[in-house]
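Everything below, folded, please.
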Amino acid sequence: MTPFAIVGQGINSWNSVGVANAHVRIYNGTFSYDTTADGNGNYNFPTAYAGVYEIVAGKWLYQNNCMSNITINSTSMPPVIPLDSGI
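This next block holds a predicted model:
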């Protein structure tokens, strides 16, 4: 398998503004990747492998968003992750 970079963004579901410092985890039975989004809600996993993944994103004062059965490969990145405010 050839590794590639996974890039994406977590946004506020109300106004589509990036959620700074959101925690993002992408995982399946073989691989697990964790990171914190930058100030614009963008996240990056520099080395990852193709597969079907679960994605969990969240931040204090936001509800976690869990997405299942997301296919990720070098041509299909994860969708934008909307986060609803609330606790």
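
quick one: low-confidence parts of this protein?
87 (pLDDT under 70).

does the residue nearest the centre of the chain belong to a helix or a strand, and which?
Here the mean C-alpha position of the chain is nearest to the C-alpha of V24 (CA atoms, centre = their mean), at a distance of 4.6 Å. For V24, the element it lies in under DSSP states H and E is strand 23-27.

Pairing partners for that strand, with directions?
In the sheet, strand 23-27 lines up against strand 32-36 (antiparallel), strand 51-58 (antiparallel) (DSSP bridges).

so how far is the next helix or strand after the longest one off the chain centroid?
Stepping forward along the backbone from strand 51-58, the first helix or strand reached (DSSP H and E) is strand 65-72. Using CA atoms, centre = their mean, to the nearest Å, the mean C-alpha position of strand 65-72 is found 9 Å from that of the whole chain.

which secondary structure elements does strand 65-72 contact?
Judged by 3 or more CB pairs under 8 Å, 6 or more residues apart in numbering; DSSP states H and E, the packing partners of strand 65-72 are strand 51-58, strand 81-83. C-beta here means a position set from N, CA and C on the backbone, and glycine is covered the same way.

what angle do the longest one and strand 65-72 make?
It stands for strand 51-58. 150 degrees (axes from the mean of the first three to the mean of the last three CA atoms, to 10 degrees).

So which bits of strand 51-58 are buried?
Residues 51, 53, 55-58 are the ones in strand 51-58 that count as buried (16 or more other CB atoms under 10 Å).

Kindly report the same for stretch 4-14.
4, 6, 8-13.

which one of those residues sits closest to T30?
I6 (14.6 Å; CB to CB).

Please report the distance of the closest one from W14.
26 Å (CB to CB, to the nearest Å).

re earlier: kindly reformat the buried residues of strand 51-58 as JSON lines containing distance to Y43.
Converted to JSON lines, those look like this (distance: CB to CB, whole Å):
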{"residue": "G51", "distance to Y43": "17"}
{"residue": "Y53", "distance to Y43": "14"}
{"residue": "I55", "distance to Y43": "10"}
{"residue": "V56", "distance to Y43": "12"}
{"residue": "A57", "distance to Y43": "8"}
{"residue": "G58", "distance to Y43": "12"}
